[in-house]
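> output the structure for:
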Amino acid sequence: MPRWIAGVSGMGAILLVGTLALSAPEKDPLKPRVPADQMEEAKKLSTSLFKDAKQASADIVKEGKVLYDGKGTCFNCHGKSGKGDGPAGAMLDPVPRDLTNCEFQKKRTDGELFWVIKNGSPGTGMVALMPGSVNEEEAWKIIAYVRSLCKS
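Next up, the predicted model:
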């Protein structure tokens with residue numbers, strides 16, 4: 001490898017590490033992302049795939065992980081493990097949600113999570129994923145996977 005390429009790669013790594021070092025934990029991890037005037041309706045959203053995403057079958061959770069890591073591109077911001085530490089997330093302010101935060105998981109309903117996947121998250125870097133990236137059924141499967149990230 002030419003010496004200048006190695007130097008550029010090293011500088012890129014330094015810049016990436018510097019960017020990651022600047023990102024901080026989410027300021028208010030329990031704050032709802034659904035606008036107040038739409039919250040009641042969002043909380044009512046549901047699917048026939050499961051009654052409660054925390055109780056979804058292992059197959060649905062597995063399909064949700066495949067979508068999270070692939071077609072949904074969630075890992076880019078939320079990270080492979082869901083901690084909000086994805087490579088693109090390091091550049092966002094506020095930083096992406098830590099989906100492993102069990103307090104956040106307890107506070108937000110499945111319907112609210114679906115609303116955010118469908119509409120994006122106002123005031124954040126979270127864009128609407130429907131209908132461009134995922135369909136309704138796929139969004140619910142991603143939610144089932146996200147719910148599996150709370151381990152307590």
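> distance check, the residue nearest the centre of the chain against Leu99.
Nearest to the mean C-alpha position of the chain, counting by C-alpha atoms, centre = their mean, stands His78 at 4.6 Å. Per C-beta to C-beta, to the nearest Å, His78 is found 6 Å from Leu99. Where you see a C-beta, it was placed from the backbone N, CA and C, and this is true even at glycine.
> check contacts around the residue nearest to the centre of the chain.
Tyr68, Gly84, Asp85, Gly86, Gly89, Pro96, Arg97, Leu99 (C-beta atoms under 8 Å, 6 or more residues apart in numbering).
> out of these, which is nearest to Lys141?
Tyr68 (8.7 Å; C-beta to C-beta).
> pLDDT on the helix or strand hosting that closest one, on average?
Taking DSSP states H and E as the criterion, Tyr68 maps to helix 58-69. Across helix 58-69, pLDDT averages out at 98.
> tell me the helix or strand right after that helix.
helix 75-78.
> end to end, how far does stretch 127-145 reach?
19 Å (C-alpha to C-alpha, to the nearest Å).
> just the pLDDT for Leu20.
At Leu20, the model reports a pLDDT of 42.
> buried residues in whatever helix or strand Glu41 lives in?
Glu41 belongs to helix 36-44 when assigned by DSSP H and E. Of all the residues in helix 36-44, those buried under the rule 16 or more other C-beta atoms under 10 Å are Met39, Ala42, Lys43.
> would you mind confirming that the second one makes contact with Trp115?
Think Ala42. Yes. Counting by C-beta atoms under 8 Å, Ala42 does reach Trp115; the two are 3.9 Å apart.
> overlap in contacts of the two?
Val34.
> what about stretch 113-127, distance to the chain center?
Distance of stretch 113-127 from the chain centroid (C-alpha atoms, centre = their mean, to the nearest Å) equals 9 Å.
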